[in-house]
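A.B. asks: Build me a model from this:
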Amino acid sequence: MFKVEIRDGAVHIDGYVNAVERDSKVMKDERGEFIEKVKAGAFQRAIDRAESRNQSVRVLLNHDYARELTSTKAPTTELFEDSIGLRCRCEIRDAEVVQKAKEQKLNGWSFGFHALVESRENDKGIDRRELREIELYEVSLLDDTRTPAYNGTSVEVRDYTEIRDFEDEKEYTELPEETREETEPADLHEYELRFNATRMA
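C.D. replies: Numbering: from 1, shown residues only. Okay, here's the model as predicted:
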């Protein structure tokens, strides 16, 4: 789910940055090819640790720290883990992002992290990596210059921070400027049914 709603001169986004307990496609690093899974609870513990240190998790555009759009310290930004994965709800008033939303040029989410506790074992010729504890530095909106890839094909490393992208279904809605009513929340039950059906396919 990647819902983008444009109203009152702002972009309201609700979507999953990454799923938990879900295998990635084959990725590659300096040790070779591997399949990765983020364990349930890892994201929420990372968020809680940041909060306990009075640190924020930033929302960036394309992993650019010069383009901070909002953060978990803003009252209009929620970042939390639920039964599906890491979910972000936020309001963004950056003019470039609003325009990209109007042109449907926002492609999805990505996140930057550092692994604290992980396991990696070879299984039938390919490594399986489980991320159990992470430091979560930022989540990023990706525009049309970037391609989401967590279910994926690539691994980037920037100053020991790993980057993972996640592609999901997109839904854009542009409401008239005079609209003030809040729209209905996403039907998570319906999404979870679709998500689980995809995993079993």
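A.B. asks: I'd like to know how many residues surround Gln104.
C.D. replies: If you count neighbours by other C-beta atoms under 10 Å, Gln104 ends up with 12. For the C-beta atoms, the positions are set from N, CA and C on the backbone; glycine is no exception.
A.B. asks: Leaving out chain neighbours, which residue sits closest to it?
C.D. replies: Tyr172 (5.3 Å; C-beta to C-beta, 6 or more residues apart in numbering).
A.B. asks: so what's that neighbour bridging to?
C.D. replies: Residues found in beta-bridge contact with Tyr172 (criterion: DSSP bridges) are Val4.
A.B. asks: Quick one: residues contacting it.
C.D. replies: By C-beta atoms under 8 Å, 6 or more residues apart in numbering, Tyr172 lies in contact with Val4, Glu5, Ile6, Ala101, Gln104.
A.B. asks: now for the residues you listed, which pair is the farthest apart?
C.D. replies: Across the contacts of Tyr172, the longest distance by C-beta to C-beta is 12.3 Å; it joins Glu5 and Gln104.
A.B. asks: Distance-wise, check the residue lying closest to Asp144 once chain neighbours are set aside relative to Thr145.
C.D. replies: Using C-beta to C-beta, 6+ apart and skipping the chain neighbours, the partner closest in space to Asp144 is Lys105 (4.1 Å). Here the distance between Lys105 and Thr145 works out to 9 Å (C-beta to C-beta, to the nearest Å).
A.B. asks: And for Leu60?
C.D. replies: When distance is defined by C-beta to C-beta, Leu60 is 14 Å away from Thr145.
A.B. asks: who has more neighbours, the two?
C.D. replies: Taking neighbours as other C-beta under 10 Å, Leu60 and Thr145 compare with Leu60 leading, 22 against 10.
A.B. asks: Just give me how far the helix or strand containing that one sits from the chain centre.
C.D. replies: Secondary structure from DSSP states H and E places Leu60 in strand 58-61. Once both centres are worked out by C-alpha atoms, centre = their mean, to the nearest Å, strand 58-61 turns out to sit 10 Å from its chain's centre.
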